[in-house]
Structure formats: C-alpha cells, structure tokens
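Student: quick one, what's the 3D model for this:
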Amino acid sequence: MGMQIYLPIAEVSVNAFLLLGLGGLIGILSGMFGVGGGFLMTPLLFFIGIPPAVAVATGANQIVASSFSGVLAHFRRRTVDLRMGTVLLVGGLIGAAAGVAIFNYLRSIGQVDLMVRLCYVVFLGIIGTLMFVESLTALRRSSSGVKPKRKKHGLVHKMPLKMRFRVSGLYISVIPPLLVGLFVGVLAAIMGVGGGFIMVPAMIYILGMPTKVVIGTSLFQIIFVAAFTTMLHATTNYTVDVVLAVLLLVGGVVGAQIGTNIGLRMKAEQLRVLLALLVIIVCGKLALELLLQPSELYSIAPTVAQ
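Tutor: All right, here's what the predicted structure looks like:
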C-alpha cells in the first residue's frame, strides 16, 4: 500500500488509502449517530501526524460534506426541524466568528496546539462518560420495558420569547437554543468539530426534543456552522489543506450513506453505548499523548519580531 501523498499545507506525507478509509469511517459514524464526526476526525488526523491547526480547519471542511450527505437522507424522512435548526444556526454563526477570533489569538501566542488538544481531552472525557452511563441505564430500561420520562418543565419553559417548534412538538423560549448554538459555534471553530457531539445531547436533555428529529436538525445546523468555520479559517489562517480535504470528502460521502442505513437497523440505545465507548477511547488516546508526548518541548512556531 505505498500510495504516499504529500500534503502541501500540512507539510507531511501520508498514505492516500489511509485518508480515504478515515473519511469513510467518519462518514459511517456520522450517518449512524448524527454527529458530524469531526470530534473523531480531528484527533485521528493528529494521530497520523497532521498539525492541529491544519487538522481543525480541514476537519471542519470534511464535516460539511458528511453532514450534507446525512441531512439529505433525513429530509427525505421529514425528520428535520427547520425552525429549530435556524435558531440554533443564528447562535452558531455568532459563536463561530468568536471562536475563530479566539483561535487566532491563541495562535499568535503559540498556544493553539496545546489548547485544542486539552479542549478535546476535557470534552470527550465528560461527554463520553455521561453518555456511557446514560445509555447503559437506557439499555437496562428498554430490556425491562420501563418507558423513560421526558422532562416537561424546567428553566426552558420559564424563559421569555417563546416560540412554537412544530416538528419537535415544543413550545419553548428561543434563548436556550440560541445559547446552545452559540456555545457549539465557539467550539466548532476552536476544535474543528461540527459540535454534533455536544449538540445532540443538549437538544435531547436541555431542549427536550424527540430523538428522531434531533439528528437531522443537528446535522442541518452543523453544515452551515462548519462551512462558515472552514471559510473563516481558510481566509484568516490559510490552514485548509485541499488535497487532504478532497480525499476525506470522497470517503465521507460514501460512508455517510452506509452509516445511515446501519443506524436505522440498530436500536437507539445500542448506538449510544457504542458511540460513548468510541468517545472514551479517543479521549484516552489523546490524554495519553498529552502526558507522554513531550518529544519536542518547544514547538517551533513563527513568531512576530518584537
């Protein structure tokens, strides 16, 4: 398998088949779980030696494709809440702009790589654990046949500016979805994720949306935020590696269609346990790298002459 390709912006050589396979794998996951797959894509790019700044921007680019492919499948099933998606999106775009600004600042002080990796370890650790615990209880319940209760009232219902979201069957304040969107946007820009892995749990647990609508709606929002992020990164940082992006894309689009089909055949609880395990594994590997890694204590970054 000696198809080594040199990636001009990332300045590394990698195996083309490895990248196609990686893209395909992420596509499958994205179709199965309704996550853009960026939260796995970006760390996997770190593992094969692509610099974090490039991985983040290119990861965002790949998310656009696999999410687009996934959303089409969901539109056909009418499981996209466009109104909710739009509210999340407004928050997301504002957040992404803020995130890219933070990213550029961290980059100017040379801390971006460390920061990105730390963010990943923290978030994946928390989310993986929560999901794992939650999905195990759900599995136990579904085998004993007790129906889980959806929380009806909470802060979400007390806030002003209420709006009706027909597809989700909700009548809630627009503030929580805006905030969720905002938060996800900031993370998307800094971590190169569509934020689906935060968005999906937030939509279920904070906004109380039905699971079947969550995935399509999350993907809908992710497409735009990720596209916006990619554009901002490409114009301000020149860190989007086109060759890398294209290879990941091709794999991703094919994978997403396969994943959507697998996802429909499995039980939701099983999917969640699998996803949680996956998140925990990636988190563990990243944490180990952070702890064991200082092979070069000082990374060489172009600094501005004083």
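Student: where in the stretch 1-150 of the chain is pLDDT low?
Tutor: 1-3, 33-39, 145-150 (pLDDT under 70).
Student: can I get the host helix or strand of L19 in PDB, CA atoms only?
Tutor: Element membership of L19 [criterion: DSSP states H and E] is helix 16-33. Written as PDB, here are the backbone C-alpha positions of helix 16-33 (Å, rounded to 0.1, in the frame of the first residue of the first chain):
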ATOM      1  CA  ALA A  16      -3.900   8.100   0.300                       C
ATOM      2  CA  PHE A  17      -5.800   4.900   1.200                       C
ATOM      3  CA  LEU A  18      -5.500   5.700   4.900                       C
ATOM      4  CA  LEU A  19      -7.100   9.000   4.300                       C
ATOM      5  CA  LEU A  20      -9.900   7.600   2.100                       C
ATOM      6  CA  GLY A  21     -10.500   5.000   4.800                       C
ATOM      7  CA  LEU A  22     -10.500   7.500   7.500                       C
ATOM      8  CA  GLY A  23     -13.000   9.700   5.600                       C
ATOM      9  CA  GLY A  24     -15.200   6.600   5.000                       C
ATOM     10  CA  LEU A  25     -15.100   5.600   8.700                       C
ATOM     11  CA  ILE A  26     -16.100   9.100   9.800                       C
ATOM     12  CA  GLY A  27     -18.900   9.200   7.200                       C
ATOM     13  CA  ILE A  28     -20.300   5.900   8.500                       C
ATOM     14  CA  LEU A  29     -20.200   7.200  12.100                       C
ATOM     15  CA  SER A  30     -21.800  10.400  11.100                       C
ATOM     16  CA  GLY A  31     -24.700   8.600   9.400                       C
ATOM     17  CA  MET A  32     -25.200   6.200  12.300                       C
ATOM     18  CA  PHE A  33     -25.000   8.700  15.100                       C
END
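Student: next, the buried residues of it.
Tutor: 18-20, 22-33 (16 or more other C-beta atoms under 10 Å). Any C-beta I mention is one placed from the backbone N, CA and C, and that applies to glycine too.
Student: same check, this time on stretch 125-134
Tutor: Of all the residues in stretch 125-134, those buried under the rule 16+ other C-beta under 10 Å are 125, 127-128, 131-132, 134.
Student: neighbouring contacts of that stretch?
Tutor: Contact with stretch 125-134 is made by 197-198, 201, 272-273, 275-277, 279-280, 283, 287, as judged by C-beta atoms under 8 Å, 6 or more residues apart in numbering.
Student: which among those residues end up buried?
Tutor: Counted by 16+ other C-beta under 10 Å, these give 197-198, 201, 272-273, 275-276, 279-280, 283, 287 as buried.
Student: of these, which pair is most distant in space?
Tutor: The span of these, defined through C-beta to C-beta, is set by R272 and A287 at 22.2 Å.
Student: on that earlier part again, inside helices: which ones of the buried ones among the contacts of stretch 125-134?
Tutor: Cross-referencing the buried ones among the contacts of stretch 125-134 against helices under DSSP state H gives 197-198, 201, 272-273, 275-276, 279-280, 283, 287.
Student: now render those as JSON lines, adding pLDDT and distance to V100.
Tutor: Formatted as JSON lines, these follow (pLDDT from 0 to 100; distance: C-beta to C-beta, whole Å):
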{"residue": "F197", "pLDDT": "69", "distance to V100": "20"}
{"residue": "I198", "pLDDT": "73", "distance to V100": "18"}
{"residue": "P201", "pLDDT": "75", "distance to V100": "24"}
{"residue": "R272", "pLDDT": "72", "distance to V100": "31"}
{"residue": "V273", "pLDDT": "79", "distance to V100": "35"}
{"residue": "L275", "pLDDT": "76", "distance to V100": "28"}
{"residue": "A276", "pLDDT": "80", "distance to V100": "30"}
{"residue": "V279", "pLDDT": "78", "distance to V100": "25"}
{"residue": "I280", "pLDDT": "82", "distance to V100": "29"}
{"residue": "C283", "pLDDT": "81", "distance to V100": "25"}
{"residue": "A287", "pLDDT": "82", "distance to V100": "26"}
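Student: between these, which is nearest G99?
Tutor: The closest of those to G99 turns out to be I198 (C-beta to C-beta; 13.0 Å).
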